[in-house]
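# need a 3D model of the sequence below.
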Amino acid sequence: KERSISATAAIMGDKTQKLNLKREVGLMGAVSLIGGTMIGSGIFMTPQTVLYSIGSPGASLVVWACCGLLVILASFCYAELGTVIRESGGEYIYILRTSGPVVAFMLIFSSVLFVRPAGIAGMALGFAQYVVAPFYSDCPPPVVQVKCVAAAAIVVLAIVNCLNVRLSMAVQVFFMAAKVLALAVIIIGGVVMLIRGHTENFEDSFENTNVGINPIGIAFYQGLWAYDGWNNLNYVTEELKRPEVSKKGIWGFSGKCYCTELFRPNKLPTITIKKKLVMFFYIGENGECNPINV
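Take a look at the predicted model:
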């Protein structure tokens, strides 16, 4: 009896071991996951909306700074949670361990059925819109083609992520590098314009600021949307090679890089050039270069 019980326990232990996720996400893959998710459609779409809502360049930069501070503080909290509760699942697993299964089920139910599908569909449609746009320069692209490309992108990326962790991380790193290159081109172009003396947008930078709950709320909403994705690393905690070491460094590095991009002084005067440069990367005027994260 004792031998049979121990043999059964050993078999169950082997099965449990086989069900564990493979720890194949290293430092570069984790940085690419965070950076690739954050540097998406938001950073290319929201600056104009924030500026329009708040009314002045100076107040717009204040909004960006406040949003960045909120995200940095929240990232540090998530880093601590991820090192204490070393399970994948993000908010779901934290609420499950602290508030019980009912609240956790309500969160995951709304996320799976409403929040995540809507976000994925929106990003996929935006990506498809600007992939098809170069072929229809004289007219809007057909809606059917846009939807077909969006659906194909979702299916392809789902297959890639299901096939192999290393393959998905390799694709993630590739697109992350492409987006960083696009931002580098934008920043260099803006610095050149600043050196040439194009500083007219910084004269009376707080003039015509819209003070009120509605404009400030909309500006913060758009600004925080640009930072969306900062918490995605906690969904793959069990796949990180060294989560206790890498998480704090990854979020600190990503936050510094992203804040550097958002707070550069030439951001507002170079919106038009930014749009033109980003078109080269099939992003479009208000598009995104974040296909792996669709």
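# pull the helix or strand with minimum mean pLDDT from the protein.
One helix or strand of the chain scores below all others by mean pLDDT, DSSP states H and E: helix 271-279, with a mean of 36.
# which stretches in the stretch 151-294 of the chain count as strands?
Using DSSP state E, counting those that start in this stretch, no strands are found in the stretch 151-294 of the chain.
# which residue ranges of it form helices?
Applying DSSP state H, counting those that start in this stretch to the stretch 151-294 of the chain gives helices spanning 165-195, 213-226, 243-262, 271-279.
# please work out how many residues are found near Phe127.
27 (other Cβ atoms under 10 Å). (Glycine included, C-beta is placed from N, CA and C.)
# surely it is in contact with Ala151?
No - the criterion here is Cβ atoms under 8 Å, and Phe127 misses it with Ala151 at 11.4 Å.
# how about low-confidence regions in the chain?
For the chain, the stretches with pLDDT under 70 are 1-24, 26, 41-42, 44, 242-294.
# mind listing what's buried along stretch 121-136?
Buried residues in stretch 121-136, counting neighbours by 16 or more other Cβ atoms under 10 Å, are found at Met123, Ala124, Leu125, Gly126, Phe127, Ala128, Gln129, Tyr130, Val131, Val132, Ala133.
# leaving out sequence neighbours, find the closest residue to the second one.
Here the nearest residue to Ala124 in space, its sequence neighbours aside, is Ala150; by Cβ to Cβ, 6 or more residues apart in numbering that works out to 3.8 Å.
# report the buried residues of the strand or helix carrying that neighbour.
For Ala150, the host element (DSSP states H and E) is helix 143-163. Neighbour counts over helix 143-163 (16+ other Cβ under 10 Å) mark Val146, Val149, Ala150, Ala153, Ile154, Leu157 as buried.
# tell me the angle that helix makes with helix 165-195.
Counting by axes from the mean of the first three to the mean of the last three Cα atoms, to 10 degrees, helix 143-163 points 120 degrees away from the direction of helix 165-195.
# for Val180, see how far away the residue nearest to Ala124 is.
For Ala150, the distance to Val180 equals 25 Å [Cβ to Cβ, to the nearest Å].
# same question for Leu113.
34 Å.
# which one's more surrounded, those two?
Taking other Cβ under 10 Å, Leu113 and Val180 do not tie; Val180 has more neighbours (16 against 10).
# quick one: the helices in the stretch 1-150 of the chain?
2-19, 27-38, 41-54, 57-84, 91-99, 101-110, 116-132, 143-163.
# need the winner for burial among the ones you listed.
Most buried of those by mean neighbour count (mean count of other Cβ atoms under 10 Å) is helix 27-38; its value is a mean of 23.
# restricting to C-alpha, output it in PDB.
In PDB, the C-alpha atoms belonging to helix 27-38 read as follows (Å, rounded to 0.1, in the frame of the first residue of the first chain):
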ATOM      1  CA  LEU A  27      15.700  40.100 -19.800                       C
ATOM      2  CA  MET A  28      15.500  41.200 -23.400                       C
ATOM      3  CA  GLY A  29      12.200  39.400 -24.000                       C
ATOM      4  CA  ALA A  30      10.700  41.000 -20.900                       C
ATOM      5  CA  VAL A  31      11.900  44.500 -21.800                       C
ATOM      6  CA  SER A  32      10.500  43.900 -25.300                       C
ATOM      7  CA  LEU A  33       7.200  42.800 -23.900                       C
ATOM      8  CA  ILE A  34       6.800  45.900 -21.700                       C
ATOM      9  CA  GLY A  35       8.200  48.300 -24.300                       C
ATOM     10  CA  GLY A  36       6.400  46.800 -27.200                       C
ATOM     11  CA  THR A  37       3.100  46.900 -25.400                       C
ATOM     12  CA  MET A  38       3.500  50.500 -24.200                       C
END
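# start the count at 30 instead of 1 going forward.
Yep, numbering from 30; the last one is helix 56-67 now.
# now do that helix: distance to the chain's middle.
Counting by Cα atoms, centre = their mean, to the nearest Å, helix 56-67 is centred 9 Å from the centre of its parent chain.
# now stretch 138-157
With Cα atoms, centre = their mean, you get 13 Å for stretch 138-157.
# thinking again about what came up before, and the helices of the stretch 30-179 of the chain: which comes nearest Asp257?
helix 70-83 (6.0 Å; Cβ to Cβ).
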